[in-house]
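In: Predicted structure and sequence below. I'll ask about it afterward.
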Amino acid sequence: MMVTVRISDDALAIACGADDVAKAFEKAGATVERVSSWGMQWLEPLVEISGIGFGPATPGDVQAILDGGADAICIGPIAAHPFIAGQQRLTFARAGKTRPTSLEDYEATGGWKGLNRARELGPEAAVEEVVSSGLRGRGGAGFPTGIKWRTVAGAKADQKYIVCNADEGDSATFADRMVMEGDPYMLIEGMAIAGFAAGATRGYIYCRSEYPHAIAKLEEAIHKSAHIVHPFVLEVREGAGAYVCGEETSLLNSLEGKRGEVRAKPPIPALVGLFGRPTIVNNVLSLAAVPFILAEGAKAYADCGMGRSRGTMPIQLAGNIKHGGLYETAFGITLGALVNDIGGGTATGKPVKGVQVGGPLGAYLHPDQFDIPFDYEAYAAVDALIGHGGITVFDEDADMAGMARFAMEFCAAESCGKCTPCRIGSTRGVELIDRILDRAPRTRDTVEALPQMHNAPKDQRSLDDEIELLEDLCETMKFGSLCALGGFTPYPVMSALKHWPADFGVATAKVPEAAE
Amino acid sequence: MTDGKAARLDEIIASHAHREGPMLPILHDVQAEFGHVSEDAKRTIAKALNLSRAEVHGVVSFYHDFKAEPVGKPVLKLCRAESCKARGVENLVAAAEAAAGDRVEIETIYCLGLCSVGPNAMIGKRPYAMLDVPKIEALIREMA
Ligand SMILES: Cc1cc2nc3c(=O)[nH]c(=O)nc-3n(C[C@H](O)[C@H](O)[C@H](O)COP(=O)(O)O)c2cc1C
Ligand code: SF4
Ligand code: FES
């Protein structure tokens, strides 16, 4: 009997050894189908035979699995696993089920339905469908996608562009990668709909260079589907290792072949974007949500969610977490439910110390805040952000002062250099946190010590002075930076200081309330 | 630059000439082919794209992926971003550097998108997950 075995060929599965497991199955005479990942990453390589899952599997398990044994790693029917059954998968409906670059599989699972419906509706109605779905940009800022499309659709130009932001630089995020590697036609369809709706015939996917597997899948899929999306023409462009190029105007400069320096807004990219033309810049997940919205109608999407956060969010559970992976659900779920119930707490089994939500620019949240619902406004209200939906869990061994220092170090390494608070402030921030941790407050410098400097304090600076200086520096970065790299780096720094002052060696920190 | 190299560089430039914004695709190919973007290459690219050498230099120096000097040894890219830190990558760094010595370059990068199974690294285009000290030492030992 020929069995068909399904194993993911996504980069994470490969990193966990999926290729070797696949080879072992082939050697044992089984037919192997490489599919997308279900997103239960702690179980990769996950092997599926007739709906039953085994994971994490090693080549050594292959014979036992084929012989009907391997009970120790059998998880039963995959679709019924609580991690999957509890989700509401709209964007990741195909995850685990289809061969990523198979047009046949894509069509058989409702592919191109959204594009066809858009073409029936006409451009204006297609834009309005996206507006009324309530979809907000999933790249971080949460700007209403339909409104952006309307602006570009209304602009007059000889050429307009659709640019997909696939720079996904935030730690703890991989949903864009999973779309590109697992369901590339969905992204292509979303971009083709955007092109049709806004009157743009050219599209670029700017993908970070750390994702070679995604780039390869996209290139194959673009080639195979060119006739379907015609006259829309798509191309993948590879980034070059600069985090800041995820910022949309930096990304446009990079696409144009320039340094990835952030541009001042206005003009907004919707009017003056790539090569000065009207341009829709959207995150992978924003564009990937569009085929569902067009195919099933705006209402079906908007019916999920809470408040002004409509639809579903593919949340990414990462770091020191027992059950890490992709969890797509309607907005409104609490952080505690995500980390403890779904994620199963830490991988090490130790108590959770804190979690960072929203990548390197997101705040660290304390378990005391675990009742906060996943919602753009609720996070903003506590000086935190959802960002791209990544959650990094830390156990009690984590050094939060060290993480605050890293936030500054990362900002210094990735700053585009355009504005002073970010370019220089971040380096001063690293030095300052080092001094705080080393208990080595800076001595008064020569100028401060001059007798002419009547107002300069002459006494030795204290630890409190240094903490105050750090707070002051954060204020300056927050309000004096052009983009969120310099502007939001204070969030992880200040939240770490606020919740874990002991890690900085101070009893309590009087972190000023946000001054908005 | 030898004639062979110069001819290859011209070929790379020509292969991207038709594209909008050809700079990054050209630099990626040059980096892949020669292991770095030399002064000569910058001048040639500048001339071909009708830019100044300074402009090309500005671009090359902006991006982490483009190197001004050849590295001359195999590179292991080690992720040291937040999620990999939460999973203990910092405990591997000293051992990795000791195992690497002068033979292998350990390059710090931030995130490979495999953040639930770290610590992670990449050699060429191949990702590695769940690293611990013995695993990363073995990986580095096997690098040519
Ligand atoms: C430093 C920085 C990095 C960013 N990185 C990304 C990124 O990797 N991916 C992304 O989609 N948006 C990123 N953004 C947000 C983009 O500027 C922009 O808001 C987004 O691409 C718009 O698409 P959306 O409306 O679909 O979210 C970043 C912003 C900043 C300031
Ligand atoms: S805040 Fe930093 S990254 Fe953003 S524009 Fe200013 S210097 Fe560039
Ligand atoms: S943080 Fe290391 S792979 Fe994402």
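Out: Noted; the coordinates are in hand. Numbers count the residues shown, from 1 in each chain, chains lettered A, B, ... in the order given. Ligands and ions are numbered 1, 2, ... in the order given.
In: can we go C-alpha only for contacts and neighbour counts from here?
Out: Noted.
In: how does the chain divide up, domain by domain?
Out: No chain specified, so I'll use chain A. A:4-85, A:103-302, A:305-395, A:400-504 (automatic domain parsing).
In: let's do chain B instead
Out: B:3-62, B:75-143.
In: could those be laid out in CSV, adding mean neighbour count?
Out: As requested, the domains of chain B are arranged in CSV below (neighbours: other C-alpha atoms under 10 Å in any protein chain shown):
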stretch, mean neighbour count
domain B:3-62, 17
domain B:75-143, 21
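In: just so I know, which of the ones you listed lies nearest ligand 2?
Out: domain B:3-62 (11.9 Å; C-alpha to the nearest ligand atom).
In: Now for residue A:171: which residues touch it?
Out: A:359, A:360, A:390, A:392, B:81, B:82, B:83, B:110, B:111, B:113, B:115 (C-alpha atoms under 8 Å, 6 or more residues apart in numbering or on different chains).
In: which phi and psi does it have?
Out: phi -60, psi 150 (degrees, to the nearest 10).
In: From ligand 3, how far off is it?
Out: 4 Å (C-alpha to the nearest ligand atom, to the nearest Å).
In: before we move on, what about residue A:8?
Out: From residue A:8 to ligand 3 the distance is 18 Å (C-alpha to the nearest ligand atom).
In: now the strands for chain B?
Out: B:75-79, B:105-109, B:121-123, B:126-128 (DSSP state E).
In: got the contact list for the top strand by length along chain A?
Out: Using DSSP E, we find that the single longest strand of chain A is strand A:312-319. Contacts of strand A:312-319 with the rest of the structure, by C-alpha under 8 Å, 6+ apart, involve A:88-92, A:172-175, A:301, A:304-305, A:323-331, A:338-339, A:343, A:389-394, B:82-87, B:115-118.
In: For the stretch 401-516 of chain A, which residues are neighbours of ligand 1?
Out: The stretch 401-516 of chain A comes close to ligand 1 at residues A:483, A:484, A:485, as judged by C-alpha under 6 Å from any ligand atom.
In: For those, which single residue is the most surrounded?
Out: residue A:485 (24 neighbours; other C-alpha atoms under 10 Å in any protein chain shown).
In: Look up phi and psi at that residue.
Out: phi -60, psi -60.
In: Please give me every residue in contact with it.
Out: If you count contacts by C-alpha under 8 Å, 6+ apart, then residue A:485 has A:244, A:361, A:411, A:415, A:422 around it.
In: Which residues are in contact with residue B:115?
Out: By C-alpha under 8 Å, 6+ apart, the neighbours of residue B:115 are A:171, A:172, A:173, A:174, A:318, A:319, B:83, B:84.
In: Can you tell me how far the first one is from residue A:488?
Out: Same thing as residue A:171. 15 Å (C-alpha to C-alpha, to the nearest Å).
In: The fourth one too?
Out: Residue A:174 is 21 Å from residue A:488, where distance means C-alpha to C-alpha.
In: Out of these two, name the residue with the larger neighbour count.
Out: Ranked by neighbour count (other C-alpha under 10 Å), residue A:174 and residue A:488 place residue A:174 first, with 30 against 25.
In: now the more buried one: how far from residue A:392?
Out: 12 Å.
In: what sits against the closest residue in space to residue A:30 that isn't next to it in sequence?
Out: In this structure, residue A:30 finds its nearest non-sequential neighbour in residue A:3, 5.3 Å apart by C-alpha to C-alpha, 6 or more residues apart in numbering or on different chains. By C-alpha under 8 Å, 6+ apart, the contact list for residue A:3 reads A:30, A:31, A:49.
In: Does residue A:100 touch residue A:10 like I think?
Out: No: in this structure residue A:100 lies outside contact range of residue A:10 using C-alpha atoms under 8 Å: 9.3 Å.
In: if you count what's nearby, which of these two comes out ahead?
Out: Each of residue A:100 and residue A:10 has its neighbours counted (other C-alpha under 10 Å); residue A:100 has more, 29 against 26.
In: Tell me who's in contact with the more buried one.
Out: Taking C-alpha under 8 Å, 6+ apart, one finds A:35, A:36, A:181, A:182, A:183, A:184, A:185, A:217 in contact with residue A:100.
In: rewinding a little: got JSON lines for the strands of chain B, with distance to residue B:21 and mean pLDDT too?
Out: Output for the strands of chain B, formatted as JSON lines (distance: least, C-alpha to C-alpha, whole Å; pLDDT from 0 to 100):
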{"stretch": "strand B:75-79", "distance to residue B:21": "28", "mean pLDDT": "98"}
{"stretch": "strand B:105-109", "distance to residue B:21": "26", "mean pLDDT": "97"}
{"stretch": "strand B:121-123", "distance to residue B:21": "28", "mean pLDDT": "98"}
{"stretch": "strand B:126-128", "distance to residue B:21": "29", "mean pLDDT": "98"}
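In: Which positions in the stretch 351-500 of chain A make contact with ligand 2?
Out: Checking the stretch 351-500 of chain A against ligand 2 by C-alpha under 6 Å from any ligand atom, the hits are A:415-419, A:422-423, A:481-487.
In: How much space separates the residue lying farthest from the centre of chain B from residue A:492?
Out: Within chain B, residue B:50 marks the point farthest from the mean C-alpha position, 26.4 Å out by C-alpha atoms, centre = their mean. Remark: distance between residue B:50 and residue A:492 (C-alpha to C-alpha) = 43 Å.
In: and whichever strand or helix holds residue A:435, what does it pack onto?
Out: Per DSSP states H and E: residue A:435 is located in helix A:425-437. Contacting helix A:425-437 under the criterion 3 or more C-alpha pairs under 8 Å, 6 or more residues apart in numbering or on different chains; DSSP states H and E are the following elements: helix A:400-414, helix A:463-480.
In: got TSV for those helices, with distance to residue A:370, mean pLDDT and mean neighbour count too?
Out: Formatted as TSV, these follow (distance: least, C-alpha to C-alpha, whole Å; pLDDT from 0 to 100; neighbours: other C-alpha atoms under 10 Å in any protein chain shown):
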stretch	distance to residue A:370	mean pLDDT	mean neighbour count
helix A:400-414	18	98	22
helix A:463-480	25	95	18
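In: Thought residue A:257 was touching residue A:245, still the case?
Out: No: between residue A:245 and residue A:257 there is no contact under C-alpha under 8 Å: 11.8 Å.
In: Can you show me the CA trace of stretch A:38-54 as CSV?
Out: This file holds the C-alpha atoms of stretch A:38-54, laid out as CSV (Å, rounded to 0.1, in the frame of the first residue of the first chain):
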residue,chain,number,x,y,z
TRP,A,38,-0.2,24.2,10.2
GLY,A,39,1.6,26.7,12.5
MET,A,40,2.0,24.4,15.5
GLN,A,41,5.6,25.1,15.5
TRP,A,42,6.6,23.1,18.6
LEU,A,43,5.5,20.0,16.8
GLU,A,44,7.6,20.5,13.7
PRO,A,45,8.6,18.5,11.8
LEU,A,46,4.9,17.5,11.9
VAL,A,47,4.0,14.5,9.8
GLU,A,48,0.4,14.0,8.6
ILE,A,49,-1.1,10.7,7.4
SER,A,50,-4.8,10.7,6.6
GLY,A,51,-5.4,13.6,8.9
ILE,A,52,-3.5,12.1,11.8
GLY,A,53,-0.5,14.0,13.1
PHE,A,54,2.9,12.9,14.5
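In: Identify each buried residue in that stretch, please.
Out: By 16 or more other C-alpha atoms under 10 Å in any protein chain shown, the buried positions in stretch A:38-54 come out as A:38-49, A:53-54.
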